[in-house]
Every structure is written in structure tokens, then in C-alpha cells.
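In: A predicted structure for the sequence below; I have some questions about it.
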Amino acid sequence: MTLNKLVLGAVMLSSTLMAGCSCSEQIDKLNSSIKSNIKTLDTKFEQKFNQINRDVHTIQTDIKSAKDEVATMQTDMKSAKDEVATMQTDIKLAKSEAARAHIRLNNQSSAYHK
């Protein structure tokens with residue numbers, strides 16, 4: 001009976017030790033898998049982060065370009081308004097001169113008919 005108990009104890013001890021080794025092996029596999037997944041996620045995160053930074057830089061460049069273009073258009077518009085104002089002054093002057101010329105012609109034609 002003592003021999004049976006000793007054999008049974010040895011079997012239980014060896015199965016417990018083997019189960020412990022098995023768990024340790026599984027823990028190592030899980031640990032390795034987790035580390036691999038973390039590396040993969042870290043790489044993907046870094047790629048996305050870099051892509052977002054490039055996109056933000058591109059957008060900032062586009063915004064600066066658009067602002068510069070708007071500033072140029074505003075300058076061109078101001079120049080065009082100034083030109084229109086000058087033309088309006090020239091038109092008023094030309095109308096005034098044309099009216100005086102018309103009056104002179106009328107005066108000359110009335111003086112000629114007398």
C-alpha cells in the first residue's frame with residue numbers, strides 16, 4: 001500500500017510538473033505573440049502617424065498657396081478698381097469735352113446761318 005501511495009504521489013507530482021511546464025510554454029507563446037502584435041501595431045501606428053503628418057503638411061501648403069493666391073487676386077482687384085476709377089474720370093472728362101465741342105459746333109452753325 002505504501003508503494004502504491006508512493007507511485008501515485010510520484011505520478012501526481014510528475015503530472016503537476018508537466019502541467020506547469022506546459023503552462024509556462026503557453027505563457028511564453030502568448031508573450032511572444034503579444035510582443036509580435038505590439039510591434040505590428042506600433043509599426044502600423046507609426047505609418048499612419050507619418051501619413052497624417054504628410055497630409056497635414058500638404059494641406060498647410062495648399063492653404064498657404066490659396067492665401068497667397070487670394071492676396072494676389074485682392075491686389076489685382078484693387079488695381080482693376082483703380083483703373084476703372086481712372087477710366088470713369090477719363091469718361092467724364094471726355095463727355096465734358098464732347099459737350100463743350102457740341103456747344104461750340106452749335107454756336108458756329110448758328111453763327112454761320114445768320
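Out: Received, thanks.

In: neighbours around Asp62, how many?
Out: Neighbourhood size, Asp62 [other CB atoms under 10 Å]: 10. (C-beta placed from N, C-alpha, C; glycine too.)

In: can you give me the mean pLDDT across the helix or strand harbouring it?
Out: Element membership for Asp62, per DSSP states H and E: helix 2-113. Helix 2-113 shows a mean pLDDT of 86.

In: and it, how far out from the chain's middle?
Out: 0 Å (CA atoms, centre = their mean, to the nearest Å).

In: and that helix, what does it pack onto?
Out: Judged by 3 or more CB pairs under 8 Å, 6 or more residues apart in numbering; DSSP states H and E, helix 2-113 has no packing partners among the helices and strands.

In: From Glu69, how far out is Asp76?
Out: 10 Å (CB to CB, to the nearest Å).

In: got it, and Lys95?
Out: Taken as CB to CB, the span from Lys95 to Glu69 is 38 Å.

In: Just give me the residue closest to the centre of the chain.
Out: Against the mean C-alpha coordinate of the chain, by CA atoms, centre = their mean, the closest residue is Ile59 at 3.2 Å.

In: Against Thr75, how distant is that one?
Out: 25 Å.

In: How about Ser32?
Out: Following CB to CB, the distance that separates Ser32 from Thr75 is 65 Å.

In: How about Thr58?
Out: 26 Å.

In: Neighbours of Ser24, how many?
Out: Here the number of neighbours of Ser24 (other CB under 10 Å) works out to 10.

In: what does Gln88 give?
Out: Counted with other CB under 10 Å, the neighbours of Gln88 add up to 10.

In: can you dump the C-alpha coordinates of stretch 33-45 into PDB?
Out: Provided in PDB are the C-alpha atoms of stretch 33-45 (Å, rounded to 0.1, in the frame of the first residue of the first chain):
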ATOM      1  CA  SER A  33       2.500  36.600 -29.700                       C
ATOM      2  CA  ILE A  34       1.700  39.700 -27.700                       C
ATOM      3  CA  LYS A  35       5.100  41.200 -28.400                       C
ATOM      4  CA  SER A  36       4.700  40.500 -32.100                       C
ATOM      5  CA  ASN A  37       1.300  42.100 -32.100                       C
ATOM      6  CA  ILE A  38       2.500  45.100 -30.300                       C
ATOM      7  CA  LYS A  39       5.400  45.500 -32.800                       C
ATOM      8  CA  THR A  40       2.900  45.200 -35.700                       C
ATOM      9  CA  LEU A  41       0.500  47.700 -34.100                       C
ATOM     10  CA  ASP A  42       3.400  50.100 -33.400                       C
ATOM     11  CA  THR A  43       4.600  49.900 -37.000                       C
ATOM     12  CA  LYS A  44       1.100  50.500 -38.300                       C
ATOM     13  CA  PHE A  45       0.600  53.400 -35.900                       C
END
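
In: Done for today, thanks.
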